[in-house]
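> My questions concern the predicted model and sequence given below.
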Amino acid sequence: MRRIIRSAVELRALKNPTGRRGISRIVLELGREDDAVRAAERAINRGLHACGCETGSAFVFAGVVFTVLRFVSGSRPSPWGVVALLATLAVTGKLIGLAFAEWRLRAAIDRLSALEPA
(Lines give C-alpha, C1' and ligand atoms only; values in the text may rest on other atoms or scores of the structure.)
Protein backbone atom coordinates (compact mmCIF):
# COMPACT_ATOMS: atom_id res chain seq x y z
CA MET A 1 0.00 0.00 0.00
CA ARG A 2 1.25 3.46 -0.89
CA ARG A 3 0.96 6.13 1.80
CA ILE A 4 1.16 9.87 1.31
CA ILE A 5 2.92 11.74 4.12
CA ARG A 6 1.87 15.37 4.49
CA SER A 7 3.24 16.39 7.89
CA ALA A 8 6.16 15.85 10.22
CA VAL A 9 3.83 14.11 12.70
CA GLU A 10 2.85 11.52 10.09
CA LEU A 11 6.51 11.15 9.19
CA ARG A 12 7.57 10.54 12.80
CA ALA A 13 4.86 7.86 13.11
CA LEU A 14 6.92 5.78 10.64
CA LYS A 15 9.66 5.37 13.25
CA ASN A 16 7.50 2.80 14.99
CA PRO A 17 7.46 -0.56 13.14
CA THR A 18 3.73 -0.95 13.80
CA GLY A 19 3.18 2.48 12.25
CA ARG A 20 4.56 1.27 8.94
CA ARG A 21 2.84 -2.11 8.85
CA GLY A 22 1.33 -2.73 5.44
CA ILE A 23 3.08 0.24 3.84
CA SER A 24 5.09 -0.69 0.77
CA ARG A 25 5.95 2.82 -0.42
CA ILE A 26 5.63 6.38 0.82
CA VAL A 27 5.27 9.62 -1.07
CA LEU A 28 6.30 12.82 0.70
CA GLU A 29 4.08 15.83 0.08
CA LEU A 30 5.43 18.20 2.69
CA GLY A 31 4.84 21.42 0.80
CA ARG A 32 8.35 21.67 -0.55
CA GLU A 33 10.12 19.99 -3.43
CA ASP A 34 13.87 19.92 -3.07
CA ASP A 35 16.69 17.43 -3.23
CA ALA A 36 16.70 16.80 0.54
CA VAL A 37 13.05 15.72 0.49
CA ARG A 38 13.53 13.46 -2.55
CA ALA A 39 16.67 11.92 -1.04
CA ALA A 40 14.85 11.27 2.23
CA GLU A 41 11.91 9.74 0.36
CA ARG A 42 14.27 7.36 -1.45
CA ALA A 43 16.06 6.47 1.79
CA ILE A 44 12.80 5.81 3.63
CA ASN A 45 11.43 3.66 0.80
CA ARG A 46 14.69 1.74 0.68
CA GLY A 47 14.44 1.16 4.42
CA LEU A 48 10.85 -0.04 4.14
CA HIS A 49 11.98 -2.78 1.75
CA ALA A 50 15.21 -3.76 3.52
CA CYS A 51 15.52 -7.43 4.40
CA GLY A 52 19.21 -7.73 5.33
CA CYS A 53 19.95 -10.02 2.40
CA GLU A 54 22.84 -7.93 1.04
CA THR A 55 24.70 -8.05 4.33
CA GLY A 56 23.85 -11.72 4.81
CA SER A 57 25.23 -12.58 1.39
CA ALA A 58 28.42 -10.62 2.11
CA PHE A 59 28.90 -12.61 5.33
CA VAL A 60 28.29 -15.90 3.50
CA PHE A 61 30.76 -14.88 0.78
CA ALA A 62 33.37 -14.17 3.45
CA GLY A 63 32.67 -17.61 4.93
CA VAL A 64 33.09 -19.29 1.56
CA VAL A 65 36.39 -17.49 1.01
CA PHE A 66 37.54 -18.52 4.51
CA THR A 67 36.55 -22.14 3.83
CA VAL A 68 38.31 -22.21 0.46
CA LEU A 69 41.46 -20.73 2.01
CA ARG A 70 41.38 -23.40 4.72
CA PHE A 71 40.94 -26.10 2.10
CA VAL A 72 43.81 -24.73 -0.03
CA SER A 73 46.10 -24.52 3.00
CA GLY A 74 45.70 -28.26 3.54
CA SER A 75 43.09 -28.26 6.26
CA ARG A 76 40.00 -30.33 5.46
CA PRO A 77 36.97 -28.81 7.16
CA SER A 78 34.08 -31.18 7.78
CA PRO A 79 31.01 -30.71 5.58
CA TRP A 80 28.77 -30.18 8.61
CA GLY A 81 31.19 -27.62 9.99
CA VAL A 82 31.07 -25.72 6.71
CA VAL A 83 27.26 -25.84 6.67
CA ALA A 84 27.10 -24.67 10.29
CA LEU A 85 29.56 -21.85 9.62
CA LEU A 86 27.72 -20.61 6.53
CA ALA A 87 24.29 -20.86 8.18
CA THR A 88 25.53 -18.96 11.22
CA LEU A 89 27.10 -16.29 9.04
CA ALA A 90 23.93 -15.97 6.94
CA VAL A 91 21.71 -15.46 9.99
CA THR A 92 24.20 -13.12 11.67
CA GLY A 93 24.63 -11.05 8.50
CA LYS A 94 20.88 -10.85 7.97
CA LEU A 95 20.27 -9.66 11.55
CA ILE A 96 23.05 -7.08 11.30
CA GLY A 97 21.68 -5.94 7.92
CA LEU A 98 18.16 -5.55 9.36
CA ALA A 99 19.47 -3.60 12.35
CA PHE A 100 21.54 -1.33 10.12
CA ALA A 101 18.57 -0.78 7.75
CA GLU A 102 16.36 0.14 10.71
CA TRP A 103 18.99 2.59 11.93
CA ARG A 104 19.27 4.18 8.45
CA LEU A 105 15.49 4.43 8.16
CA ARG A 106 15.16 6.14 11.54
CA ALA A 107 18.07 8.48 10.73
CA ALA A 108 16.42 9.53 7.44
CA ILE A 109 13.14 10.20 9.26
CA ASP A 110 14.94 12.19 11.96
CA ARG A 111 16.86 14.27 9.40
CA LEU A 112 13.72 15.15 7.49
CA SER A 113 11.65 15.73 10.64
CA ALA A 114 14.22 18.23 11.85
CA LEU A 115 13.70 20.26 8.69
CA GLU A 116 9.91 20.31 8.91
CA PRO A 117 7.80 22.24 11.43
CA ALA A 118 5.50 20.08 13.57
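Okay, I see it. Numbers count the residues shown, from 1 in each chain.

> Could you find the residue nearest the spatial middle of the protein?
Geometric centre of the chain, nearest residue: residue 101, 2.5 Å, by C-alpha atoms, centre = their mean.

> and stretch 109-117, average pLDDT?
On average, the pLDDT along stretch 109-117 is 76.

> follow-up on the earlier one: pretty sure the residue nearest to the centre of the chain sits against residue 53.
No: taking contacts as C-beta atoms under 8 Å, residue 101 lies outside contact range of residue 53: 10.2 Å. Every C-beta, even on glycine, is put in place using the N, C-alpha and C of the backbone.

> picking that back up, leaving out sequence neighbours, find the closest residue to the residue nearest to the centre of the chain.
Distances taken as C-beta to C-beta, 6 or more residues apart in numbering put residue 50 closest to residue 101, at 3.2 Å, once the chain neighbours are dropped.

> did I read that right, residue 27 in a helix?
No: using DSSP: H, G, I helix; E, B strand; the rest coil, the assignment for residue 27 is strand, not a helix.

> Now do it: how many residues are near it, please.
11 (other C-beta atoms under 10 Å).

> Who is it paired with across the strands?
With DSSP bridges as the criterion, residue 27 is bridged to residue 4.

> Tell me if I'm right that it and residue 6 touch.
No: between residue 27 and residue 6 there is no contact, the gap being 9.5 Å when judged by C-beta under 8 Å.

> Flag the shaky bits of the protein, pLDDT-wise.
For the chain, the stretches flagged by pLDDT under 70 are 115-118.

> Which parts of it are strands?
Assigned by DSSP state E, the chain shows strands spanning 2-5, 25-28.

> These: which one's closest to residue 67?
Residue 67 lies closest to strand 25-28 among these, at 39.2 Å (C-beta to C-beta).
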